[in-house]
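A.B. asks: here is my input, please return the structure:
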Amino acid sequence: MSFTGKSFPSITVDAIDYLGDNLQINIFEKAVKEGKKVLLFWYPKDFTFVCPTELHAFQEAAAEFEKRNTVLIGASCDTNEVHFAWLNTAKDNGGIEGVEYPILADTNRNLSSVLGILDVQEVEHPEYGTLAQGSAVTYRATYLIDETGRVFHESVNDMPLGRNVKEYLRLIDAYAHVQKFGEVCPANWEEGKDAMNADRKGVADYLAKH
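C.D. replies: Have a look, this model is predicted:
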């Protein structure tokens, strides 16, 4: 199920921060109450391989997201205790020490199930009925949520494929431009480039120049 153009599910999930504080975060409420955009990114597991490279990459860009009034939140189905152990493991030992944004611990898989991003399928067993097949961890799903709790971007990578953090900054810039000016952003648009009006003349004028 796609949530683009819809409100993000209002579900509260356990989380932890780098100080070890146990939190409860409702992404929809956080966006609305704080008047901020939210970038929520899911990854399969703590203490794995591609995952720490992504968490560090988002942390390195944290100041850029903050400039854009955007809160970063990571998420997986690991427990808070495992998250905190990973947060206290040195980068040169495969850890995420230095990551400062909160990480959701969707251990009951309520939110990830609603989003439909789990690697799990139901299979019928002749003796035991319906069983789960798959890893029951999430794909690399990413959601951009605006200040009203509305999803304006979602994407899902297969597990071996790391994300390009700069693309999410570009998408936030594009959406902010739409919010501010009412124009739409064409292919490969970046901050400072021409946008266009969403009508026949607008696209004709844009294509005539480009």
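A.B. asks: which parts of the protein are strands?
C.D. replies: For the chain, the strands defined by DSSP state E cover 12-16, 22-26, 37-42, 70-76, 103-105, 121-125, 129-133, 140-145, 151-157.
A.B. asks: same list (these) but as a markdown table, adding distance to Glu190 and mean pLDDT.
C.D. replies: Just so you know, the C-beta spots here come from the backbone N, C-alpha and C atoms, and that holds for glycine as well. As requested, these are exported to a markdown table (distance: least, Cβ to Cβ, whole Å; pLDDT from 0 to 100):
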| stretch | distance to Glu190 | mean pLDDT |
| --- | --- | --- |
| strand 12-16 | 33 | 98 |
| strand 22-26 | 31 | 98 |
| strand 37-42 | 18 | 99 |
| strand 70-76 | 17 | 98 |
| strand 103-105 | 30 | 98 |
| strand 121-125 | 40 | 91 |
| strand 129-133 | 43 | 92 |
| strand 140-145 | 16 | 99 |
| strand 151-157 | 16 | 98 |
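A.B. asks: would CSV of those strands with mean neighbour count be doable?
C.D. replies: Conversion of the strands of the chain to CSV gives the following (neighbours: other Cβ atoms under 10 Å):
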stretch, mean neighbour count
strand 12-16, 19
strand 22-26, 15
strand 37-42, 24
strand 70-76, 22
strand 103-105, 26
strand 121-125, 9
strand 129-133, 10
strand 140-145, 22
strand 151-157, 18
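A.B. asks: now those strands in JSON lines, with distance to Gln179?
C.D. replies: Formatted as JSON lines, the strands of the chain follow (distance: least, Cβ to Cβ, whole Å):
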{"stretch": "strand 12-16", "distance to Gln179": "27"}
{"stretch": "strand 22-26", "distance to Gln179": "23"}
{"stretch": "strand 37-42", "distance to Gln179": "10"}
{"stretch": "strand 70-76", "distance to Gln179": "13"}
{"stretch": "strand 103-105", "distance to Gln179": "26"}
{"stretch": "strand 121-125", "distance to Gln179": "39"}
{"stretch": "strand 129-133", "distance to Gln179": "41"}
{"stretch": "strand 140-145", "distance to Gln179": "12"}
{"stretch": "strand 151-157", "distance to Gln179": "9"}
